[in-house]
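In: sharing a sequence plus its predicted fold:
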Amino acid sequence: MNHRKHPLALLRDIEQRSLQNTRGLPQRAEARVRWHGIGFRIGNITLVAPLTQVHEILHYPKLTLVPGTLGWVKGLANIRGTLLPVMDLRGYLGQSAVSLDTHSRIMVIQQENLNVGLLVDEVLGLKHFDPQEAVTRVKKLNEAVKPYIQGAFLQSDQTWYVFNMATLAEAPQFLQVAV
């Protein structure tokens, strides 16, 4: 009796046995669609920016002041040989300036021809939301913030407002920094 099979016959035999043992197993696992963003805080408002709109997050760097600019323009930072304008997001939105502490961070955005750092009170990390957590009705927000909000999520009794960095980068008043 010949115990040696032709290699192709052996492969067919292995395939057949494998198929017999997989009956009843799911053919495909459904992947959950989730929305991902970077959570951050300005004042008492918790926000989340689409992950694709935040280039990097930095500690507060040494800045060079730029004369003749509005109060919310903090200055210029040299980040790895590239000059980065730094803006106080709270100040721009008509609130009091960010009080620098160990939680303060710079969120770097790159939109079209704009590369800018936004000073925020705190970055709260990567956030993931299920589509069922999206809310249509949100509590009243500061009027200056509303134009940049494109929705919200409710997770663990916490409302996360979706802040659109692209809308901010296109706003004429954000681009007008001179006094």
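Out: The structure has been received and is ready for your questions. Residues are numbered from 1 along each chain as shown.
In: can you show me the strands along the chain?
Out: Residue ranges of the strands in the chain, as given by DSSP state E, are 35-42, 45-50, 56-58, 73-79, 82-88, 105-111, 114-120, 122-129, 134-135, 149-155, 158-163.
In: among those strands, which comes closest to Phe174?
Out: Phe174 lies closest to strand 82-88 among the strands of the chain, at 7.7 Å (C-beta to C-beta). Bear in mind the C-beta positions are built from the backbone N, C-alpha and C, glycine included.
In: just the buried residues of the closest one, please?
Out: By 16 or more other C-beta atoms under 10 Å, the buried positions in strand 82-88 come out as Leu84, Pro85, Val86, Met87, Asp88.
In: need the residues you listed in CSV with pLDDT and distance to Ser18, can you?
Out: Compiled in CSV, these are given as follows (pLDDT from 0 to 100; distance: C-beta to C-beta, whole Å):
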residue, pLDDT, distance to Ser18
Leu84, 97, 56
Pro85, 98, 60
Val86, 98, 59
Met87, 98, 59
Asp88, 98, 61
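In: mind putting the strands of the chain into JSON lines with distance to Val98?
Out: Shown next, in JSON lines, are those (distance: least, C-beta to C-beta, whole Å):
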{"stretch": "strand 35-42", "distance to Val98": "7"}
{"stretch": "strand 45-50", "distance to Val98": "13"}
{"stretch": "strand 56-58", "distance to Val98": "14"}
{"stretch": "strand 73-79", "distance to Val98": "9"}
{"stretch": "strand 82-88", "distance to Val98": "5"}
{"stretch": "strand 105-111", "distance to Val98": "10"}
{"stretch": "strand 114-120", "distance to Val98": "5"}
{"stretch": "strand 122-129", "distance to Val98": "9"}
{"stretch": "strand 134-135", "distance to Val98": "27"}
{"stretch": "strand 149-155", "distance to Val98": "19"}
{"stretch": "strand 158-163", "distance to Val98": "15"}
